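Enquirer: Build the 3D model from these lines:
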Amino acid sequence: MQIRRASQSSLQLQLAPSLEHQTAAMLSILERYKWHQFSVVTSQIAGHDDFIQAVRERISEMQETFKLTILNAVLVTEALDLLELVKSESRVMLLYATREEAIHILTAAKELKITGENYVWIVTQSVIGNLQTPNQFPVGMLGRFISFYFNHKI
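Expert: Predicted structure coming up:
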């Protein structure tokens, strides 16, 4: 939950789905399209270890019905960290980062040619942030935006 003052006269409360709900939604996309292998890409955003753990726990829950394999778990602190994805067979990436970090990560990914028609990037709500799409986000990037706002005038 995030509370911030939008202006002097209003208070904005934003609720986001839990990491467990977000990872379940992301992995259901993989299951739907029968994508068995993927990579996890994170920045140093708070909770990045929790995100990876939530993905692993959800994979364990699904093993009876659908086999999933994490090819790489990449913590991006600089653009060169993405070279690990270039060397791998991964074509599907789950991205957990802030919106600003995602812009830098996806710009570097484009330069390394790991975006485009042969790649899918599935992102968390923290990447989407709002419905204004930066030019750096690749065509075909998937994300789910859930808006729960309560505005109250003070």
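Enquirer: For this structure, which segments are assigned as strands?
Expert: 2-7, 10-14, 37-42, 69-75, 92-96, 120-123, 142-143, 149-153 (DSSP state E).
Enquirer: quick one, the longest one and strand 37-42 angle?
Expert: What that stands for is strand 69-75. 20 degrees (axes from the mean of the first three to the mean of the last three CA atoms, to 10 degrees).
Enquirer: Does anything pack onto strand 69-75? Which helices or strands?
Expert: strand 37-42, helix 48-62, helix 83-87 (3 or more CB pairs under 8 Å, 6 or more residues apart in numbering; DSSP states H and E). Quick note: C-beta positions are derived from backbone N, CA and C, even for glycine.
Enquirer: swap the cut-off to 6 Å and go again
Expert: Using 3 or more CB pairs under 6 Å, 6 or more residues apart in numbering; DSSP states H and E, the elements in contact with strand 69-75 are strand 37-42.
Enquirer: Report all helices and strands that the strand it packs on contacts.
Expert: With contacts taken as 3+ CB pairs under 6 Å, 6+ apart, strand 37-42 sits against helix 48-62, strand 69-75, strand 92-96.
Enquirer: Can you tell me which of these is packed in deepest?
Expert: The highest average neighbour count among those, using mean count of other CB atoms under 10 Å, belongs to strand 92-96 at a mean of 25.
Enquirer: nearest spatial neighbour of residue 48, skipping sequence neighbours?
Expert: Counting by CB to CB, 6 or more residues apart in numbering, residue 42 is the residue found nearest to residue 48 once chain neighbours are left out, at 3.9 Å.
Enquirer: do the same with residue 38
Expert: Here the nearest residue to residue 38 in space, its sequence neighbours aside, is residue 92; by CB to CB, 6+ apart that works out to 4.0 Å.
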